[in-house]
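**Q** sequence plus predicted model, see below.
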Amino acid sequence: MTDRSGPITLVAGGAGFIGSHLCQALLDRGATVICLDNLQTSRPVNLRRLERYAEFSFVEADIVNPLPLDILEKTSRIDRIYNLACAASPPQYQADPEHTMLTNVVGTDHLLRLAERAGARFLLSSTSEVYGDPEAHPQREDYRGWVNCTGPRACYDEGKRAAEAMAFDFARMGRAEVRVARIFNTYGPQMHPDDGRVVSNLICQALSGKNITIYGDGTQTRSFCYVSDLVAGLIALMESDPERNEPVNLGNPVEITVNDLLGHVLAMTGTDAKVVYKPLPIDDPRRRRPDISRAEAQLDWRPRVSLEVGLAATCAWFAEELVGGRDCTPEPETLRASVV
């Protein structure tokens, strides 16, 4: 049950991996939070740790459809809207590409119109996928990308590009105050074991003793940001007052190959599972690394959790989830980034 009089923060997609961490961080800061989620790709178990907060409530609904009365009747109290509502891993968003596109376009329109009516600040969680398979490296926010607009990833890549365009149009017309975060690869506890992303794939396969799958030759690179760092960046961006309407990259600029990531996972799990290499999916980016100069300058934000520490915590969480308590954690080190 939310507070009956104070301002409300609405988190669309709040039952998902990043969304549930964001909800908890906001609640820890004293916010009243409504989580709106259709539970299509989210884990309902993520809600259990949030339901102990009196200031938290959950509304099950799909933002592709008109927003439910439970939300609309609170319009006058909503002062922050985070839009994290969309499947984010390729196997999930490609399973229903039409819904993925509509979530990004129609759903974002519904939430922007709510922000306009409420006079609320709106943050869109966009993605590094707007850069496609980039030819510029590292990726700056002014890089326009190398996206296959008709490929199997287009429902997500082009959907997010369209959502960004709509958000900035609302801002230019003075209809809503918007922020846009381009999120790079994020990992940590509460990830879905079957979401198909490389960190969860490698850890779950290693812990289960199954063959470990690497797509491509493993030389492609990624930059992995621990979830508490990412959430700190989202909140800092929402609460910032930028001079211009422009997107902001949020991610960890430390770039490693997938083979290097595999080495870390093998060392932490002690597995003797076989590594199997398979063809790289269509349009899978060869390199991925954010330029976070804008976030550093505007938000005084940068990642603080090292890959070794973050992976250890993630491995330990998956071990508890999958095999009942096998611990992969080394000497303790702080994992929770301070939220500005």
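**A** Alright, I've got the coordinates. Please read these numbers as outputs of a predicted model, since none were measured by experiment.

**Q** okay, CA-based contacts and neighbour counts for the rest of this
**A** Fine.

**Q** gap between stretch 96-115 and the chain center?
**A** Put simply, stretch 96-115 sits 16 Å off its chain's centre (C-alpha atoms, centre = their mean, to the nearest Å).

**Q** so what touches that stretch?
**A** With contacts defined as C-alpha atoms under 8 Å, 6 or more residues apart in numbering, stretch 96-115 is touched by 63-67, 72, 75, 79-81, 83, 85-87, 93-94, 120-122, 155-156, 158-160, 162-163, 166-167, 170, 176.

**Q** which of these fall in strands?
**A** In strands, defined here by DSSP state E, the members of those are 79, 80, 81, 83, 121, 122.

**Q** between which two of these is the distance greatest?
**A** In the ones in strands among the contacts of stretch 96-115, two members sit farther apart than any others by C-alpha to C-alpha. They are 79 and 83, at 13.3 Å.

**Q** pull up the overlap in contacts between these two.
**A** By C-alpha under 8 Å, 6+ apart, residue 79 and residue 83 have no common neighbours.

**Q** any idea which helix or strand comes after the helix or strand hosting residue 202?
**A** Using DSSP states H and E, residue 202 falls within helix 198-208. Sequence-wise, the next helix or strand beyond helix 198-208 is strand 212-215, with elements assigned using DSSP H and E.

**Q** pLDDT (mean, whole number) over that following strand?
**A** Within the predicted structure, the mean pLDDT of strand 212-215 is 94.

**Q** go through the lengthiest helix in the chain and flag the buried ones.
**A** With DSSP state H applied, the helix covering the greatest number of residues in the chain is identified as helix 154-172. Buried residues in helix 154-172, counted by 16 or more other C-alpha atoms under 10 Å: 154-164, 166-168, 170-171.

**Q** which one of those sits closest to residue 134?
**A** Of all those, residue 157 has the smallest distance to residue 134: 12.5 Å, by C-alpha to C-alpha.

**Q** and that closest one, how far is that from residue 283?
**A** Separation of residue 157 from residue 283 (C-alpha to C-alpha, to the nearest Å) stands at 11 Å.

**Q** what do you get for residue 177?
**A** Using C-alpha to C-alpha, residue 177 is found at 34 Å from residue 283.

**Q** what do you get for residue 44?
**A** According to C-alpha to C-alpha, residue 44 stands 31 Å off from residue 283.

**Q** higher neighbour count, the two?
**A** A direct count of neighbours by other C-alpha atoms under 10 Å for residue 44 and residue 283 places residue 283 higher, at 15 against 12.

**Q** that one and residue 149 touch, don't they?
**A** No. Using C-alpha atoms under 8 Å, residue 283 makes no contact with residue 149, being 10.4 Å away.

**Q** and residue 8, how many neighbours?
**A** As a burial measure, residue 8 scores 24 neighbours (other C-alpha under 10 Å).

**Q** residues contacting the residue lying closest to it once chain neighbours are set aside?
**A** When the adjacent residues along the chain are set aside, residue 8 lies closest to residue 78, with 4.6 Å between them (C-alpha to C-alpha, 6 or more residues apart in numbering). The neighbourhood of residue 78, defined by C-alpha under 8 Å, 6+ apart, consists of 7, 8, 9, 10, 118, 120.

**Q** among those, name the ones in helices.
**A** The helices in this structure, assigned by DSSP H, contain residue 118 from the contacts of residue 78.

**Q** heading C-terminal from the helix or strand hosting residue 260, find the next helix or strand.
**A** Mapping residue 260 onto the secondary structure by DSSP H and E places it in helix 258-269. On the C-terminal side of helix 258-269, the closest following helix or strand by DSSP H and E is strand 275-278.

**Q** can you tell me which helices and strands the helix or strand following that next one packs against?
**A** Beyond strand 275-278 on the C-terminal side, the first helix or strand identified by DSSP H and E is helix 293-299. Packing partners of helix 293-299 (3 or more C-alpha pairs under 8 Å, 6 or more residues apart in numbering; DSSP states H and E): helix 227-238, strand 248-250.

**Q** following element in sequence after helix 293-299, please.
**A** Counting by DSSP H and E, the element after helix 293-299 in chain order, helix or strand, is helix 307-323.
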